[in-house]
Every structure is written in C-alpha cells, then in structure tokens.
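Q: quick one: sequence and predicted model below, then my questions.
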Amino acid sequence: MGEIFELNAALISGPFTIFSPLGCLALPILFMANPNQKLVRGLGILVLLLMALVPPWELSYNTEQNPTPVKSSIGYHPAWFQKAPEAEADDTRLNLKHRVNLTRLGIQLAVVLVLTNVVIYVLKNPKAP
C-alpha cells in the first residue's frame, strides 16, 4: 500500500520544485512542456487575469408595477468600478443596484480554461516510437 504514495526522485529533485501546503506532494513547476504549450499556458493565464480584472456587470432594479427584480447587463468595467447607478427624474426604476454578473463570468472563465487545456493537449509532443 505504501508504494502508491511514493514519488519518483527525479520529479522532486532540482531547482524547479514546489511543495504543496500539506508537504506531502511535490510537483515540478516546469512540466515536460514544449515552448508552444508554455506560450499557450501563459496566454491562457493572462486572459483569465484580464477577465477577472474587467468582469461583466449587471444592473438590477424593481419597478412599481413589478416588485420582482429585473436584471440587465451594463457591460464590462474594471473590478474597482464603484459608480453608483443614478435614476433620472422621470425614471420609474426603484432600488438600483449594480454587481458583477458571476454567472456570466464563471462561464467565460470555464470556457477559457477548457480551450486552453485542449490547445495544450493538441500541442503535446508526439511519443517517440
């Protein structure tokens, strides 16, 4: 049973090693990736960071006729976007609130993760016979 948890010494030695917070698993930082895979991985991380910094926002409000909240997209703004929505004098909307559209952001992040990993898999080096 102890053999299951043994790691290959070649994987955990060298300057490119990180350890998990639990201290029981060591992973090499640089996996056996070719330069194209590293480029795709870097671009994928960059896109994920940009998407998190500039997320989609939505506006929710009530009307006098309809007490249930109505939601509409107000576009992409920086995460530090704090401009409070303003109602005009003839506006019948009540309880104006803006927030990050987490559903849309989650779907977008998942799609980028899947596409990045698919491209990395497609670009893998063929096994030598």
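A: In hand now; what should we look at? Quick caveat: nothing in here was measured; it's all calculated off a predicted structure. Residues are numbered from 1 along each chain as shown.

Q: residue 76 and residue 41, how far apart?
A: Distance from residue 76 to residue 41, counting by CB to CB, to the nearest Å: 24 Å. Bear in mind the C-beta positions are built from the backbone N, C-alpha and C, glycine included.

Q: compare these two (neighbour count), which wins?
A: Regarding residue 76 and residue 41, a neighbour count based on other CB atoms under 10 Å identifies residue 41 as having more, with 17 against 14.

Q: three-state assignment of the more buried one?
A: Following DSSP: H, G, I helix; E, B strand; the rest coil, residue 41 is assigned to helix.

Q: same check on residue 74?
A: Secondary structure, three-state DSSP: residue 74 is strand.

Q: how about the contacts made by it?
A: 57, 58, 59, 98 (CB atoms under 8 Å, 6 or more residues apart in numbering).

Q: give me the subset of those residues lying in strands.
A: Cross-referencing the contacts of residue 74 against strands under DSSP state E gives 57, 58, 59, 98.

Q: which elements pack onto the longest helix out of those in the chain?
A: For the chain, the helix with the greatest residue count under DSSP state H is helix 102-122. Counting contacts by 3 or more CB pairs under 8 Å, 6 or more residues apart in numbering; DSSP states H and E, helix 102-122 packs against helix 35-53, strand 56-63.

Q: mean confidence for it?
A: Averaged across helix 102-122, pLDDT comes to 94.

Q: with just CA atoms, put stretch 62-75 into CSV.
A: Listed next in CSV are the C-alpha coordinates belonging to stretch 62-75 (Å, rounded to 0.1, in the frame of the first residue of the first chain):
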residue,chain,number,x,y,z
ASN,A,62,-37.6,47.0,-9.3
THR,A,63,-40.5,48.9,-10.8
GLU,A,64,-43.7,50.0,-9.2
GLN,A,65,-45.7,47.6,-11.4
ASN,A,66,-43.3,44.6,-10.9
PRO,A,67,-41.8,44.1,-7.5
THR,A,68,-39.5,41.2,-8.6
PRO,A,69,-36.0,42.3,-9.5
VAL,A,70,-35.3,42.9,-13.2
LYS,A,71,-31.7,42.4,-14.3
SER,A,72,-29.9,43.9,-17.3
SER,A,73,-26.3,43.8,-18.5
ILE,A,74,-24.4,47.1,-18.2
GLY,A,75,-21.2,45.9,-19.9
